[in-house]
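**Student:** got a structure for you, letters missing:
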């Protein structure tokens, strides 16, 4: 059986299942996995933004601050991370 993280990042999974998997990561307070999803370059923006918003829901200030400074992350995601931190 696939973990929520694997489901969220697997390209062959339907988008509704991927969104549900990210929601499960948020509910489980899996900050590291959510941070990884935000940074995954090949993942659609909607899933990366959902994971970013989920970090805010988890009150993951340290992770958001780190993402806000991550130069390899798109500027829009860095700005949003800064706003949420």
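**Tutor:** That came through, no problem. Only a predicted model underlies this, so the values are computations on that prediction, with no experimental measurement involved.
**Student:** from what I can see residue 82 touches residue 70, true?
**Tutor:** No. Contact between residue 82 and residue 70 fails when scored by Cβ atoms under 8 Å: they sit 10.8 Å apart. Glycine gets a C-beta too; all of them are placed from N, C-alpha and C.
**Student:** distance of residue 73 from residue 38?
**Tutor:** Using Cβ to Cβ, to the nearest Å, residue 73 is found at 7 Å from residue 38.
**Student:** For residue 69, see how far away residue 55 is.
**Tutor:** Taking Cβ to Cβ, one finds residue 55 at 14 Å from residue 69.
**Student:** The two: who's more crowded?
**Tutor:** residue 55 (26 against 11; other Cβ atoms under 10 Å).
**Student:** Neighbour count: residue 73 and residue 38, which is higher?
**Tutor:** residue 38 (26 against 20).
**Student:** Would you state the helices of the protein in chain order?
**Tutor:** 4-9, 15-27, 31-39, 45-57, 61-69, 75-84 (DSSP state H).
**Student:** Could you pull up the mean pLDDT of the third one?
**Tutor:** Regarding helix 31-39, the rounded mean pLDDT is 96.
**Student:** And it, what does it pack against?
**Tutor:** Helix 31-39 sits against helix 4-9, helix 15-27, helix 45-57, helix 61-69, with contacts defined as 3 or more Cβ pairs under 8 Å, 6 or more residues apart in numbering; DSSP states H and E.
**Student:** Residue 78 is nearest to which of those helices?
**Tutor:** helix 61-69 (5.4 Å; Cβ to Cβ).
**Student:** That closest one - what's its average pLDDT?
**Tutor:** Mean per-residue pLDDT for helix 61-69: 97.
**Student:** which parts of that helix are buried?
**Tutor:** 63-64, 67-68 (16 or more other Cβ atoms under 10 Å).
**Student:** from the chain's centre, how far out does it sit?
**Tutor:** For helix 61-69, the distance from its own C-alpha centre to the chain's C-alpha centre is 12 Å (Cα atoms, centre = their mean, to the nearest Å).
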